[in-house]
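> Quick one, what's the 3D model for this:
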Amino acid sequence: MSLNFKWPPFIFKPRAIATATATATVDIPEKTLNSRVLVLGGTGRVGGSTAIALSNLCPNLGIVVAGRNRDKGEALVAQLGANSTFAHLDINDAFSLQNALQDVDLVVHAAGPFQQSENCCVLEAAINTKTAYVDVCDDTSYSLRAKSFMNRALAAKVPAITTAGIYPGVSNVMAAELVRAAESESKDKPERLRFYYYTAGTGGAGPTILATSFLLLGEEVVAYVKGEKVKLKPYSGMVNIDFGKGIGKRDVYLLNLPEVRSAHEILGVPTVSARFGTAPFIWNWGMEAMTKLFPPEFLRDRSRVGRLVELFDPVVRAVDGIAGERVSMRVDLECSSGRNTVGIFSHRRLSVSVGIATAAFALAILEGSTQPGVWFPEEPQGLAIEAREVLLNRASQGTFNFAMNKPPWMIETNPKEFGLGIYV
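Have a look, this model is predicted:
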């Protein structure tokens, strides 16, 4: 599965699109058509969404939905059709996990939350059984632990991508394309990369996302300023960002997310940060208040956070019904010449979009776009440069606003014109 990277420069021609919410089937190599994919956490919101997206994108795939809730799993399998089965599985049962991996070509690990997880048991089992691997990890420590399996994955010739969901994941690839375009088209030097994320409520993604949010509030934020690592208070540094049509201007706050470190080290951008915000605004106030009311040790305790989630989940679900679940990602790149380019990705339903995004990574691995080893999405060994456009086009199905390499004024809600056709 080794790839030769001596291809000519790949020119990505991004465009704004508005598509239907239905997921279109895709053309994949014949050898991939009958692959079998195991989706761990398949009875959860993210895993279930991924299984549905995989089935829609490539109906011939064999999909094994794995989880602990048999009723939900069997209901999903009935929806997916004849090529799917359910497996009752707890990822902490090493023997059962390894047995489940024996008969599949790829495992999608969506059984979060990943924060404060003590091991990478799924990745380890994938390497032991020579099974391709992708996860939707959104935790810095977990992703670095996954990268520590690099030599073992290389020796076993197992391709693996970590942090390969929507954000991080698609956002990493967007950043990589902005940097590549700046360096190849104008020989410019990237200086500042900023990830901005917005989700209405919990995005309809369920209690796991709520737990993830609370656990992240217990982590110091790592950012990079002119090449120096700095540590900042979580859910601080609020800025108001314009996410363009359908979303508008939203307040976003600093969070400790793995794409900050990976983009800094892999893409070579000296200043990198990530911010997140939600709606209604009272949730942002509540998140900020939690960092002041609870000590970090409390917010890093998975069992205590689990009890908080049980307490807040009914209220959050009720508000979600009003707030909706729109999601938007804005990635900004500033260069030494003053060039400023933006990528934007907005979808009406996070619970749908996250599955399509994860499925796009899964298909890329099945198609051979990933070399053996453990990689981040922006690494060319993880996703071949020539495969990025295909992945972004697949992942952006159903978006109402998707554009790349645009000046900020072209995507913002109310750009200011100074005259003579000059906007800022």
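
> Residue 322 - how many residues pack around it?
Neighbourhood size, residue 322 [other C-beta atoms under 10 Å]: 10. Heads up, the C-betas are built off the backbone N, CA and C, glycines and all.

> Distance-wise, check the closest residue to residue 135 other than its chain neighbours relative to residue 101.
Closest residue in space to residue 135, ignoring its immediate chain neighbours: residue 109 at 3.9 Å, by C-beta to C-beta, 6 or more residues apart in numbering. Going from residue 109 to residue 101 by C-beta to C-beta, to the nearest Å gives 11 Å.

> With residue 283 instead?
From residue 283 to residue 101 the distance is 38 Å (C-beta to C-beta).

> quick one: which of these two has more around it?
residue 101 (23 against 19).

> surely the more buried one meets residue 132?
No. Applying C-beta atoms under 8 Å, one finds residue 101 not in contact with residue 132, separated by 10.2 Å.

> quick one, strands of the stretch 51-200 of the chain?
Along the stretch 51-200 of the chain, counting by DSSP state E, counting those that start in this stretch, strands occupy 62-67, 84-88, 106-109, 132-135, 159-161, 190-200.

> how about a markdown table for these, with distance to residue 332 added?
Below are the strands of the stretch 51-200 of the chain laid out as a markdown table (distance: least, C-beta to C-beta, whole Å):
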| stretch | distance to residue 332 |
| --- | --- |
| strand 62-67 | 37 |
| strand 84-88 | 40 |
| strand 106-109 | 30 |
| strand 132-135 | 26 |
| strand 159-161 | 24 |
| strand 190-200 | 5 |
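
> Give me the buried positions along the helix or strand hosting residue 31.
Per DSSP states H and E, residue 31 falls inside helix 30-33. Judged by neighbour count (16 or more other C-beta atoms under 10 Å), helix 30-33 contains these buried residues: residue 32.

> got a list of contacts for it?
58, 60-61, 363, 366-367 (C-beta atoms under 8 Å, 6 or more residues apart in numbering).

> switch to 10 Å and redo it
27, 58-61, 105-106, 363, 365-368 (C-beta atoms under 10 Å, 6 or more residues apart in numbering).

> quick one, the lengthiest helix in the chain and strand 190-200 angle?
Longest helix of the chain, by residue count under DSSP state H: helix 302-323. Counting by axes from the mean of the first three to the mean of the last three C-alpha atoms, to 10 degrees, helix 302-323 lies at 70 degrees to strand 190-200.

> taking the mean pLDDT, what do you get for helix 302-323?
Averaged over helix 302-323, pLDDT sits at 79.

> mean confidence for the helix or strand following that helix?
The first helix or strand that comes after helix 302-323 along the chain, using DSSP H and E, is strand 327-335. Averaging pLDDT along strand 327-335 gives 97.

> Quick check, residue 294 in contact with residue 214.
Yes. The pair residue 294 and residue 214 passes the contact test of C-beta atoms under 10 Å, sitting 8.9 Å apart.

> Pull up the overlap in contacts between these two.
300-301, 304-305, 308.

> what is the residue nearest to residue 135 paired to in the beta sheet?
residue 40, residue 135 (DSSP bridges).

> can I assume it is in contact with residue 120?
Yes. Assessed by C-beta under 10 Å, residue 109 is found in contact with residue 120 at 9.0 Å.

> still on that earlier bit, which residues do residue 109 and residue 101 both contact?
Contacts common to residue 109 and residue 101, judged by C-beta under 10 Å, 6+ apart, are 38, 40, 122, 125-126, 133.

> Contact partners for residue 195?
Residue 195 touches 167-168, 171-172, 174-175, 252, 255, 257, 259-260, 263, 272-276, 329-332, 343, counting by C-beta under 10 Å, 6+ apart.

> Using neighbour counts, trim those to the buried set.
167-168, 171-172, 174-175, 252, 255, 257, 259-260, 263, 272-276, 329-332, 343.

> Can you tell me which of those end up in helices?
Reading helices off the buried ones among the contacts of residue 195 with DSSP H, I get 171-172, 174-175, 259-260, 263.

> how close does residue 349 sit to residue 324?
8 Å.

> Counting neighbours, go ahead and name the busier of the two.
When neighbours are counted by other C-beta under 10 Å, residue 349 comes out ahead of the other of residue 349 and residue 324, with 20 against 16.

> So the more buried one is in contact with residue 53, correct?
No. Under the criterion of C-beta under 10 Å, residue 349 makes no contact with residue 53, lying 11.9 Å away.

> who touches both of those two?
Common neighbours of residue 349 and residue 53 (C-beta under 10 Å, 6+ apart) are 355-356, 398.

> can you pick the most crowded of these?
Busiest of the shared contacts of residue 349 and residue 53 [other C-beta under 10 Å] is residue 355, holding 31 neighbours.

> So that residue: helix, strand or coil?
Recorded secondary structure, residue 355: helix (DSSP: H, G, I helix; E, B strand; the rest coil).

> Excluding chain neighbours, give the residue nearest to it in space.
In space, residue 355 is closest to residue 49, 2.8 Å off (C-beta to C-beta, 6+ apart).

> Check the one you found and give its pLDDT.
On pLDDT, residue 49 comes in at 95.

> list the contacts for it?
39, 42, 110, 204-206, 349-359.

> Show me which positions of stretch 300-308 end up buried.
Under the neighbour-count rule (16+ other C-beta under 10 Å), stretch 300-308 has 300-301, 305, 308 buried.
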